[in-house]
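Colleague: Provided below are the primary sequence and the corresponding predicted coordinates.
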Amino acid sequence: MTEIERNVRTAAAGDHDAFAAIVRRYQSMVFSMALHFLGNRSAAEEIAQDVFLCLYQNLASVQSEAHLKFWLRKVTGHRCIDSIRSRKDHVEGEADWRLAEEAAVQPDDGDPLLAGRLQRLVESLPEVPRLITILRYQEDLDPSDIATMLEMPVNTVKSHLHRSLALLRKKLSSTSERRRYESYRG
Amino acid sequence: MNHIEDELKKTLGRTEAPETLLPGIMKRLPATSRTARMPWTARLANFFRAPWIPWAAAACTACLVLLVSGVLYYRVLAPETAEPFAGKTPVSGLAEIEQGRQAKEQLLIALQIASEKLTEASQAVNQPER
């Protein structure tokens, strides 16, 4: 039994410290999924809180550490989709500015302008392809794992990924930022 | 893996969660669910609220009904099969045994007399000259 599985057991018996340890372990994963999906830090934090509260109520059903990760990713994805579908006053401009700022401070060696542009393009994808793209490239899941999680055929997942990549490539190549990036990479 | 996939992995890397996330979650946890610190009366009450309690009660009731039915059947409906010596004291049982022993002795005497008579008759038949 792993440390996380022990924490799940004791948290299910009412130990809040054990539950806090679980949250600390997985908060980055859940928050990042929600942030990349929604593009809004406060909305992503709200989703993450809801997901962990839901987990607290369902701790008894968690069977293993792998099951816990599977459960968190699945519930986060569904909560994100529900959030987008129920939102009527979604302001894209505000989210875009915030994401552009975050991309600029990320400590990667790529072009921050391209990263911000790519993030916004991912947000512009339809809900299900967007979630599949995030699970594939943030969580590094195989299409078969994504298919199991989202309860859809593997070929559908592959089709969504293929179309999403094609769309992202097309949009990137049509911008002046793309030309700047190419000259920068030389 | 092509260029766009590399860039997607970089762009969609995990981000640190805000420091307010964990306190916000812990603040919203229901305090009443801390069963580990509940008094024993509350834990006992929770025990009887368990979903399997009605089934256990139904099973116990069924067993009780079967037990009472069985006792009633053997005591009231089928007394002769259940208790062949019902209503008879040990003393009356001993008297019956004594009567049986005396009947056996009388039967043996009668058989002995009959045997002697048959022997005499046989001798009379086999010795006609006497």
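Modeller: Thanks, I have the structure now.

Colleague: look at residue 50 and say how many residues are nearby.
Modeller: Since you didn't name a chain, this refers to chain A. Residues lying near residue A:50 (other C-beta atoms under 10 Å in any protein chain shown) number 19. Backbone N, C-alpha and C define where each C-beta goes, glycine included.

Colleague: hmm, no, I was thinking of chain B.
Modeller: What residue B:50 shows, counting by other C-beta under 10 Å, is a neighbour count of 10.

Colleague: could you look up the SS state of it?
Modeller: Secondary structure, DSSP: H, G, I helix; E, B strand; the rest coil: residue B:50 is coil.

Colleague: do you know the pLDDT at it?
Modeller: At residue B:50, the model reports a pLDDT of 70.

Colleague: go on, the one 5 residues further on?
Modeller: Reading off the per-residue confidence, residue B:55 sits at a pLDDT of 86.

Colleague: just the element for it, please.
Modeller: Using DSSP states H and E, residue B:55 falls within helix B:53-72.

Colleague: pull the CA atoms of stretch B:107-114 into PDB?
Modeller: The C-alpha coordinates for stretch B:107-114 follow below in PDB (Å, rounded to 0.1, in the frame of the first residue of the first chain):
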ATOM      1  CA  LEU B 107     -46.300 -66.600  28.400                       C
ATOM      2  CA  LEU B 108     -43.100 -68.700  29.000                       C
ATOM      3  CA  ILE B 109     -45.000 -70.800  31.700                       C
ATOM      4  CA  ALA B 110     -47.900 -71.400  29.200                       C
ATOM      5  CA  LEU B 111     -45.400 -72.400  26.500                       C
ATOM      6  CA  GLN B 112     -43.600 -74.800  28.900                       C
ATOM      7  CA  ILE B 113     -47.000 -76.500  29.900                       C
ATOM      8  CA  ALA B 114     -47.900 -76.800  26.300                       C
END
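
Colleague: okay, domains of chain A per the record?
Modeller: A:1-90, A:93-186 (automatic domain parsing).

Colleague: low pLDDT regions in chain B?
Modeller: Where chain B drops to pLDDT under 70, the residues are B:1, B:31-39, B:41-43, B:46, B:49, B:78-92, B:128-130.
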